[in-house]
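> Model the following, please.
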Amino acid sequence: MTYTDVLENARACLGDTCKACPICNGVACRNRIPGPGAKGVGDTAIRNYNKWADIRLNMDTICEGGAPDTTCQLFGRTFRYPFFAGPVGAVNLHYSDAYNDMTYNDVLVRSCAAGGIAAFTGDGTDPNVMTQATQAIEAAGGCGVPTIKPWDMDTIRAKMEQARQSGCFAVAMDIDAAGLPFLKDRNPPAGSKSVEQLGQIARMLDKPFIVKGVMTVKGALKAQQAGAAAVVVSNHGGRVLDQCPATAEVLPEIVAALQGSETAVLVDGGIRTGTDVFKALALGAKGVLIARPFVTAVYGGGEEGVRLYIQKLGAELADAMQMCGARTLTQITPDMVRICG
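Numbering: from 1, shown residues only. Model prediction:
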């Protein structure tokens with residue numbers, strides 16, 4: 001099987017809302033929700049993709065040769081690559097019933113762990129989603145990050161206990177999920193959290209706490225104040241609010257605001273290739289999350305599909321490093337890219 005085969009297979013078993021496009025740029029699915037699109041017109045998802053494309057690489061092959069080292073460390077763990085599978089929930093609602101959240105997370109967590117990276121798992125209104133996700137992470141030796149939605153505090157506390165039992169190396173909350181329309185007026189309720197509430201959540205578990213959904217310096221500093229070990233610069237894939245800036249546009253200023261602190265900066269949104277990963281690291285990110293293409297990989301090839309996509313990203317990242325003169329991730333610097341948009 002090749003990655004092209006994975007895309008072709010995915011088109012046969014995905015629903016009407018996702019086309020498994022060769023270029024996953026948010027155009028074909030822009031306003032489809034349920035589906036991978038947005039509750040509005042979907043212009044933010046498209047901007048996410050386009051702004052990474054506006055960043056070009058500064059090629060420089062007058063440098064020391066040799067195979068690049070793509071490994072990264074995060075919270076005491078070493079990973080083969082600086083990218084991770086992002087959390088996706090309600091896959092049977094947004095894609096097709098070929099998978100549900102439980103079977104999807106099972107394949108994703110196991111495959112990512114085997115590929116040397118980790119998966120962030122999604123959450124849902126069905127409590128079995130978190131139960132199955134944390135069981136998959138436990139089976140993978142804790143190589144996964146349960147991502148909890150911003151429910152009420154009692155529900156969060158119960159899900160945090162499940163995360164603890166999984167042995168996960170970190171836990172996350174996608175705070176921007178407060179804007180998802182299918183979480184409105186649901187039981188348990190979900191919504192935005194104050195700095196004080198976020199601090200209480202961060203202290204519930206003796207593990208690094210990641211706040212996903214930060215798009216401003218002010219938000220990053222509030223997450224840091226709450227005790228976040230990392231933030232993910234994210235607008236929820238452009239799904240929750242039109243007219244937002246792209247993650248690539250705000251990443252440098254958030255990195256600058258947190259520079260010198262112990263709070264790591266990750267980023268997602270429109271990152272599709274290993275070359276995009278290189279760009280994100282050049283702008284100061286510690287690592288990246290990629291969500292929608294991993295859905296295509298699972299639907300189109302199961303564990304083998306995930307393996308092929310990881311290998312594709314890794315090879316593209318290594319090639320960009322070689323062609324720009326970076327032997328290690330720490331040698332990827334801002335002068336290796338040019339913003340042309």
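
> Next one: residue 187, what pLDDT does it get?
On the pLDDT scale, residue 187 is placed at 74.

> go on, the one 10 residues further on?
With respect to pLDDT, residue 197 has a value of 96.

> Ok, residue 182 next?
Each residue has a pLDDT score; the one for residue 182 is 68.

> Contacts only, for the nearest residue to residue 131 once chain neighbours are set aside.
Leaving aside its chain neighbours, residue 131 sits nearest to residue 162 (6.4 Å; criterion: C-beta to C-beta, 6 or more residues apart in numbering). For every residue, glycine as well, the C-beta is placed using N, CA and C. Residue 162 is in contact with 130, 131, 134, 146, counting by C-beta atoms under 8 Å, 6 or more residues apart in numbering.

> now swap in residue 249 and tell me
Residues in contact with residue 249 (C-beta under 8 Å, 6+ apart) are residue 51.

> Over to it. Which of the three states is it?
helix (DSSP: H, G, I helix; E, B strand; the rest coil).

> are any of the contacts of residue 162 buried, and which?
The neighbour count (16 or more other C-beta atoms under 10 Å) marks 130, 134, 146 as buried among those.

> Three-state assignment for the last one, please.
Spelled out, that is residue 146. Here residue 146 takes the strand state, with states given by three-state DSSP.

> how close does it sit to residue 63?
Computed as C-beta to C-beta, to the nearest Å, the residue 146 to residue 63 distance reads 41 Å.

> Please, where are all the strands along the stretch 1-150 of the chain?
Assigned by DSSP state E, counting those that start in this stretch, the stretch 1-150 of the chain shows strands spanning 55-57, 72-74, 77-79, 83-85, 119-121, 144-148.

> Now do the buried residues in the second one.
With burial defined by 16+ other C-beta under 10 Å, the residues of strand 72-74 counted as buried are 72, 74.

> chain center to that strand: distance?
Relative to its chain's centre, strand 72-74 lies at 15 Å (C-alpha atoms, centre = their mean, to the nearest Å).

> Work out the sheet partners of that strand and label each with its direction, please.
Looking at strand 72-74 with DSSP bridges, its partner strands are strand 77-79 (antiparallel).

> picking up where we left off before, for residue 102, find the nearest of the strands of the stretch 1-150 of the chain.
Nearest to residue 102, of all the strands of the stretch 1-150 of the chain, is strand 119-121, at 10.2 Å by C-beta to C-beta.

> Now tell me what touches the closest one from outside.
With C-beta under 8 Å, 6+ apart as the test, strand 119-121 has contacts from 84-87, 105, 108-109, 111-113, 133-134, 136-137, 144-147, 172, 212, 289, 294.

> Repeat that for stretch 54-67.
Here stretch 54-67 has contacts from 248, 275, 278-279, 282-283, 318, 320, 322-325, 327, 335-341, using C-beta under 8 Å, 6+ apart.
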